[in-house]
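# Return atomic coordinates for the entry below.
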Amino acid sequence: QVQLVESGGGLVQAGESLRLSCAASGSIRSINVMGWYRQAPGKQRELVAAITDGASTNYADSVKGRFTISRDNAKITVYLQMNSLKPEDTAVYYCYASIMADRRASFYGYWGQGTQVTVSS
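Alright, predicted model coming up:
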């Protein structure tokens with residue numbers, strides 16, 4: 001059973017910072033891409049940032065220069081450091097990982113339960 005558990009969301013004021021964490025657990029053979037998506041009320045879920053097992057990164061234009069994604073392969077954890085937060089960053093943030101579980105031959109996508117980030121002006 002593979003699980004992704006997020007932590008670190010909360011309520012902050014504009015200009016402040018937050019750090020999200022997402023730890024994977026279970027019978028995991030390999031993980032390639034890990035990332036963060038977000039969904040604001042009335043909007044579609046969108047990619048925020050992603051990182052490969054080779055540490056290549058990809059960011060949404062709206063967060064470039066403010067957010068940094070990183071991963072600790074030994075801890076099977078991905079982080080999202082969010083600086084200079086804006087009210088428009090308010091959303092539920094979801095962790096995503098492409099994982100090959102034990103006794104599987106392919107990678108499948110897994111999602112965390114989501115963590116709320118609220119930025120007040």
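# contacting residues around the most centrally placed residue in the chain?
For the chain, the residue sitting closest to the mean C-alpha position, by Cα atoms, centre = their mean, is Trp36 at 2.6 Å. Contacts for Trp36 were tallied using Cβ atoms under 8 Å, 6 or more residues apart in numbering; they are 20, 22, 47-50, 69, 78, 80, 93-96. (Glycine included, C-beta is placed from N, CA and C.)
# Not counting its neighbours along the chain, what's nearest it?
In space, Trp36 comes closest to Val48 once its chain neighbours are excluded; the distance is 4.4 Å by Cβ to Cβ, 6 or more residues apart in numbering.
# Give me the pLDDT for the one you found.
We have a pLDDT of 98 for Val48.
# and it, how far is that from Arg29?
Distance of Val48 to Arg29, given as Cβ to Cβ, to the nearest Å: 26 Å.
# So if I had to pick from these two, which one is more boxed in?
Neighbours were counted for Val48 and for Arg29 using other Cβ atoms under 10 Å; Val48 has more, 24 against 12.
# now for the helix or strand where that one lies, which elements pack on it?
In the assignment (DSSP states H and E), Val48 maps to strand 46-51. Under the contact definition 3 or more Cβ pairs under 8 Å, 6 or more residues apart in numbering; DSSP states H and E, strand 46-51 sits against strand 28-39, strand 57-59, strand 67-72, strand 77-82.
# any chance of these in CSV, plus distance to Gly112 and mean pLDDT?
Shown next, in CSV, are these (distance: least, Cβ to Cβ, whole Å; pLDDT from 0 to 100):
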stretch, distance to Gly112, mean pLDDT
strand 28-39, 9, 96
strand 57-59, 19, 98
strand 67-72, 14, 97
strand 77-82, 10, 98
